[in-house]
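> Requesting a structural model of the entry that follows:
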Amino acid sequence: MSNKWTQQDIPDMTGKIVIITGANSGLGLESTKALAAKGATVVMACRNLSKAEEAKAEVLAANPSARLDVMALDNASLASVRAFADAFKARYDRLDILLNNAGVMAIPRALTEDGFEMQLGVNHLAHFALTGLLLDTITATPKARVHSTSSSAAFSGAINLDDLMGEKSYGRWTAYGQSKLANAAFATELNRRLQAAGFHTIANSSHPGLVMTNLQTNSLAESGAPLGERILYGLAGPIITQDVSMGVLPQLYGSTASEAKGGVFYGPKNFRVRGYPAEQKCNDALKDANLLKRFWEASEALTGVRYLD
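Residues are numbered from 1 along each chain as shown. Predicted structure coming up:
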């Protein structure tokens, strides 16, 4: 791996089809810009179509030749996930990169349309289902990749199989940590199962380090966070965080770099907070084969989407 891998190192993406969930803002929008600039057709899979169209217009204003396709996807609804998958496969016959990026952060306990705790449902279960529903197209595409965007919260997160939905006890940061570890756990187990089945598709994950995006600012505003927490983040955020153009590098590296590996967790090199992408140790839970297997099976049971058994 280059010590200073940047967006300029993304290979030519002409003819490639990419799905980015949550593509209208933050890391998703930054990845949309970067991959479109390299020639990819980017499917912007977004819940809010008006905001997605605004984001599309922003990209086109800077890059009039960008190939962008806005499609509806609400991660809080499995019906929407299924409808998106069907619509995508009716429109495209290949999928080079599935970038599972959309997420919510540290919100009060709420439920998805299907009754899932919102953070686990939006951040993990929707992406688990989406990947399974698109797997035939993914594995039929040479050298395809599935990348999951996690968070530094995964380092200290834990997957509680006895209370996945936070019904017995709920903490907004605990639930967020679980959902972000779930992203990394899913990528790790998905890659193992893909290789065991003889596919050449790889799966990996990443975290952006400390980066200020609308995910942080909106989530703090909506979460009922104490005023002091919001003020502290507002003051310290611009000082301790890195720009989104740097924060997006780990997910772009994992998604596109020829030397990126399956089953690996990437993040900023410098103290796991800032800098260029590098391989990182995430959480010992990713070494627990029994936990990964049981969590995969729980995800199948909850979503009704079974694959790579």
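
> Which parts of the stretch 1-150 of the chain are helices?
Assigned by DSSP state H, counting those that start in this stretch, the helices in the stretch 1-150 of the chain fall at 26-37, 49-62, 78-91, 118-120, 126-139.

> so which of those helices gets nearest T112?
Of all the helices of the stretch 1-150 of the chain, helix 118-120 sits nearest to T112, with 5.8 Å by Cβ to Cβ. For every residue, glycine as well, the C-beta is placed using N, CA and C.

> how far is that closest one from where the chain is centred?
13 Å (Cα atoms, centre = their mean, to the nearest Å).

> how about the nearest residue to D114, chain neighbours excluded?
Nearest non-adjacent residue to D114, counting by Cβ to Cβ, 6 or more residues apart in numbering: L78, 5.1 Å away.

> isn't that neighbour right next to V122, touching?
No. With contact defined as Cβ atoms under 8 Å, L78 does not count as touching V122 (11.2 Å).

> So, low pLDDT: which residues of the stretch 151-300 of the chain?
The stretch 151-300 of the chain contains residues with pLDDT under 70 at 213-240.

> if we can go back for a sec, what's around the residue nearest to D114, how many residues?
23 (other Cβ atoms under 10 Å).

> same deal with the one 5 residues further on?
By the measure other Cβ under 10 Å, the count of residues near A83 is 15.

> ok now do it, which residues does it touch?
With contacts defined as Cβ atoms under 8 Å, 6 or more residues apart in numbering, the neighbours of A83 are A72.

> what about it, distance to A140?
21 Å (Cβ to Cβ, to the nearest Å).

> repeat for H147
18 Å.

> Tell me which of these two has more neighbours.
Neighbour tally, H147 and A140, criterion other Cβ under 10 Å: the higher count belongs to H147, 28 against 13.

> pLDDT score for the more buried one?
With respect to pLDDT, H147 has a value of 98.

> got any ranges where the stretch 1-150 of the chain has weak pLDDT?
1-2.

> can you do 90?
1-3 (pLDDT under 90).

> contact partners of stretch 38-54?
Outside stretch 38-54, the residues touching it (Cβ under 8 Å, 6+ apart) are 10-25, 28, 32, 35-36, 55-56, 66-76, 84, 88, 92, 96-97, 102.

> Quickly note the distance from the closest residue to S151 other than its chain neighbours to A158.
Using Cβ to Cβ, 6+ apart and skipping residues adjacent in sequence, the residue nearest S151 is K180, 4.1 Å away. According to Cβ to Cβ, K180 stands 11 Å off from A158.

> the more surrounded of those two?
More neighbours surround K180 than the other of K180 and A158, with 29 against 13 (other Cβ under 10 Å).

> How is that one assigned, secondary-structure-wise?
helix (DSSP: H, G, I helix; E, B strand; the rest coil).

> does it really touch S150, like I thought?
Yes. Contact criterion Cβ under 8 Å: K180 and S150 qualify, at 4.9 Å.

> Look up how far N63 lies from the residue nearest to S151.
31 Å.

> Could you do G171 as well?
42 Å.

> now I20
Counting by Cβ to Cβ, the gap from I20 to N63 is 15 Å.

> Looking at those two, which has the bigger crowd around it?
I20 (30 against 13).

> dump the residue contacts of the residue nearest to A40 when sequence neighbours are not counted.
Of all residues not flanking A40 in the chain, M13 sits nearest, at 3.6 Å (Cβ to Cβ, 6+ apart). By Cβ under 8 Å, 6+ apart, M13 lies in contact with L35, K38, G39, A40, D96, T256.

> Compute the number of surrounding residues for the second one.
In other words, K38. Around K38 there are 17 residues (other Cβ under 10 Å).
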